[in-house]
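Q: what's the 3D shape of this:
(one chain, ligands or ions: 1)
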Amino acid sequence: MASLEVTYSSSSLSSPSFPFSQLISFSKKVTLVRFPNAVVSPPKLKLQAFGKTRATATVHSAKQAAGIVKEVLPPALDSTSEPPPFFDGTTRLYISYTCPYAQRVWITRNCKGLQGQIKLVPLDRQNRPDWYGEKINPTNKVPSLEHKNEVKGESLDLIKYIDNHFEGPSLFPDDPAKKEFAEVLLSYTDMFNEAVFSSFKVDGSEAGAAFDYIETALSKFEDGPFFLDQFSLVDIAYAPFIERFQPFLLDVKKYDITEDRPKLAAWIEEMDKNEAYKQTRREPKELVEIYKKRFLAQL
Ligand SMILES: N[C@@H](CCC(=O)N[C@@H](CS)C(=O)NCC(=O)O)C(=O)O
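A: Predicted coordinates:
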């Protein structure tokens, strides 16, 4: 059982409406993400989490409890930057701030409260340092994870690897039916993305079937707004892409992906509240501009 001393001074914390599902601590020792069975006993905030992440927590402040404490993000390294001292025992996550694949792994790291254990190394993809391809990842792609003197790539492998090899609450279900569905959904992500990308060349509504698949998937388990009821790696795998598809399709194709898809609308709303995810997000305007340059130039 992990515990964390807390003093708090916010009436919102003792309110039953406080979003316990969003709790994230940035303490190195304690990671608190989901409290489906939270027991609150004001005035001292006490949270009891059951299941995999048994923990009692007291929280330093409302801000910290809600995960609002912002990590100061390091500047992106470019071709003029000194390389980090590779393979010195530090765990490093190489990302680009605008890459949705890298964002999946970054969200996973944040959700597990691993900000102190996995160092972010953002790269400038337009002016990438040579040492990255030479020493870290010969494919030159982000994300890569340097851990225990090895480098691993591929975002879907990395989110599972981080979930399995680091502390923090599990982000994958135990229930066999949910596990099986999780794998189905994870293996659909590339197809989903491809279907939406190809709709960019025609009419946004061509992507309708792909979003209908998501709507149906979100309806399978009825107890929560997430794909597997509880927030999981599946939500993390889809979020960075839907975050881009929604504003781009609306702006460029005048296609609203949430129209007649109430589950998807509720999922987006719920994801928007997740502080660990929020810290990885860019302005929708910036994302739309990136997509316009990338996709509209090809037309
Ligand atoms: N399948 C890979 C895709 C990673 C990927 O395509 N990353 C892009 C950035 S979003 C990249 O690094 N592309 C190579 C480049 O920019 O030169 C994964 O899931 O990690």
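
Q: Can you give me the neighbour number for Ala265?
A: 17 (other CB atoms under 10 Å). (Glycine included, C-beta is placed from N, CA and C.)

Q: if I read this right, it contacts Thr258, doesn't it?
A: Yes. Ala265 is within contact range of Thr258, at 3.9 Å (criterion: CB atoms under 8 Å).

Q: who touches stretch 185-197?
A: Stretch 185-197 has contacts (CB atoms under 8 Å, 6 or more residues apart in numbering) with 156, 207, 209-211, 213-214, 217, 227, 233-234, 237-238, 241, 245, 249, 295.

Q: for it, which positions count as buried?
A: Using 16 or more other CB atoms under 10 Å as the test for burial, stretch 185-197 gives 185-186, 188-189, 192-193, 195-197.

Q: Return the subset of these lying in helices.
A: 185-186, 188-189, 192-193, 195-197 (DSSP state H).

Q: follow-up on the earlier one: and the contacts of stretch 185-197, which are buried?
A: Looks like the contacts of stretch 185-197 have 156, 207, 210-211, 214, 217, 227, 233-234, 237-238, 241, 245, 249 buried, using 16+ other CB under 10 Å.

Q: which of these come close to the ligand?
A: Restricting these to those touching the ligand (CB under 6 Å from any ligand atom) yields Leu156.

Q: sec struct for Ile107, please.
A: State at Ile107, reduced to three classes by DSSP: H, G, I helix; E, B strand; the rest coil: helix.

Q: what number of residues lie near it?
A: If we define neighbours as other CB under 10 Å, then Ile107 has 26 of them.

Q: again with Phe172
A: 19.

Q: what kind of secondary structure is it in?
A: Classified using three-state DSSP, Phe172 is coil.

Q: quick one on the thing from earlier: which of the buried residues of stretch 185-197 lies closest to the ligand?
A: For these, the closest approach to the ligand (CB to the nearest ligand atom) belongs to Thr189, at 8.7 Å.

Q: Which pLDDT value does the model give the closest one?
A: Looking at Thr189, its pLDDT reads 98.

Q: cool, and the one 3 residues further on?
A: In this model, Phe192 is scored at 98, pLDDT.

Q: what does Ser14 give?
A: 36.

Q: show me what contacts the most centrally placed residue in the chain?
A: By CA atoms, centre = their mean, the chain has its centre lying nearest to Ile107, at 2.9 Å. Counting by CB under 8 Å, 6+ apart, Ile107 makes contact with 236, 239-240, 276-277, 280.

Q: now Ala265
A: Contacts of Ala265 by CB under 8 Å, 6+ apart are Thr258.

Q: that's a helix at it, yeah?
A: Yes. Counting by three-state DSSP, Ala265 is part of a helix.

Q: gap between it and Ile257?
A: Separation of Ala265 from Ile257 (CB to CB, to the nearest Å): 9 Å.

Q: again with Ser79
A: On the measure of CB to CB, Ser79 and Ile257 end up 38 Å apart.

Q: okay, these two: which has more neighbours?
A: Each of Ser79 and Ile257 has its neighbours counted (other CB under 10 Å); Ile257 has more, 26 against 13.

Q: ok, that one touching Leu264?
A: Yes. Ile257 is within contact range of Leu264, at 6.5 Å (criterion: CB under 8 Å).

Q: Can I get the contacts of Ile107 in JSON lines including distance to the ligand, pLDDT and neighbour count?
A: Formatted as JSON lines, these follow (distance: CB to the nearest ligand atom, whole Å; pLDDT from 0 to 100; neighbours: other CB atoms under 10 Å):
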{"residue": "Ile236", "distance to the ligand": "12", "pLDDT": "98", "neighbour count": "28"}
{"residue": "Ala239", "distance to the ligand": "14", "pLDDT": "98", "neighbour count": "22"}
{"residue": "Pro240", "distance to the ligand": "9", "pLDDT": "98", "neighbour count": "25"}
{"residue": "Ala276", "distance to the ligand": "19", "pLDDT": "94", "neighbour count": "23"}
{"residue": "Tyr277", "distance to the ligand": "17", "pLDDT": "96", "neighbour count": "24"}
{"residue": "Thr280", "distance to the ligand": "13", "pLDDT": "97", "neighbour count": "26"}
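
Q: Counting only helices, which of the residues you listed make the cut?
A: Reading helices off the contacts of Ile107 with DSSP H, I get 236, 239-240, 276-277.

Q: does any part of stretch 90-108 sit near the ligand?
A: Yes. Using CB under 6 Å from any ligand atom, we find that stretch 90-108 touches the ligand at 96, 99, 101.

Q: quick one, what contacts the last one?
A: Applying CB under 8 Å, 6+ apart, one finds that Tyr101 lies in contact with 141-143, 155, 240.

Q: Adding secondary structure, write the residues you listed out as JSON lines.
A: Shown next, in JSON lines, are these (three-state DSSP):
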{"residue": "Lys141", "secondary structure": "coil"}
{"residue": "Val142", "secondary structure": "coil"}
{"residue": "Pro143", "secondary structure": "coil"}
{"residue": "Ser155", "secondary structure": "helix"}
{"residue": "Pro240", "secondary structure": "helix"}
